[in-house]
Structure formats: C-alpha cells, structure tokens
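Peer 1: One predicted model, sequence on top.
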Amino acid sequence: MRLSDKGVKNLPSQVKIQADTINFSQLQNAATANELMAKLYMGAVKSAKLQHQT
C-alpha cells in the first residue's frame, strides 16, 4: 500500500503529529496495523461476494 505523491505532500497539514517526533518503531507499528486492517477488509469483501454468488 502506498499514498499518492499528493497524499504524502498533504499529510503533514492533516495530522497533529510532527514528523520529527515519531520514532521508527511507532511508524512500523502503524504500517503493520494498517496492512492488517486492509487484509481484514479485503477478506470481508471477498467473503461477502462469495455469499452473494450462491
């Protein structure tokens, strides 16, 4: 998953956390949680599609 270049550019103005206050482990944790949520969402969408096909 990746933000668009425009999304990366606009992100600092939309969050209250300054880039210089985040450490690597916090960033890695957020990325991992985001990936998990995306996988769970996609699994739910696929499951719903399969249920509607039968």
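Peer 2: Nice, thanks for sending it over. If you're wondering where the values come from, they're calculated on a predicted model, not measured in any experiment.
Peer 1: Would you check how far apart residue 32 and residue 38 are?
Peer 2: In this view, residue 32 and residue 38 are 11 Å apart by C-beta to C-beta, to the nearest Å. Where C-beta positions appear, they are placed from N, C-alpha and C, glycine not excepted.
Peer 1: In this structure, which residue is most central in space?
Peer 2: Nearest to the mean C-alpha position of the chain, counting by C-alpha atoms, centre = their mean, stands residue 34 at 3.6 Å.
Peer 1: Give me the three-state assignment for it.
Peer 2: Put simply, residue 34 is helix when judged by DSSP: H, G, I helix; E, B strand; the rest coil.
Peer 1: Residue 3 now?
Peer 2: coil.
Peer 1: So the closest residue to it other than its chain neighbours: helix, strand or coil?
Peer 2: Computed as C-beta to C-beta, 6 or more residues apart in numbering, the closest residue to residue 3 that is not its neighbour in sequence is residue 11, at 7.0 Å. Using three-state DSSP, the structure places residue 11 in helix.
Peer 1: Relative to residue 45, how far out is residue 11?
Peer 2: 26 Å.
Peer 1: What of residue 27?
Peer 2: 27 Å.
Peer 1: Over to residue 53?
Peer 2: For residue 53 relative to residue 45 (C-beta to C-beta), the value is 13 Å.
Peer 1: Could you check which of those two is surrounded by more residues?
Peer 2: The residue with more neighbours, out of residue 53 and residue 45, is residue 45; 10 against 6, by other C-beta atoms under 10 Å.
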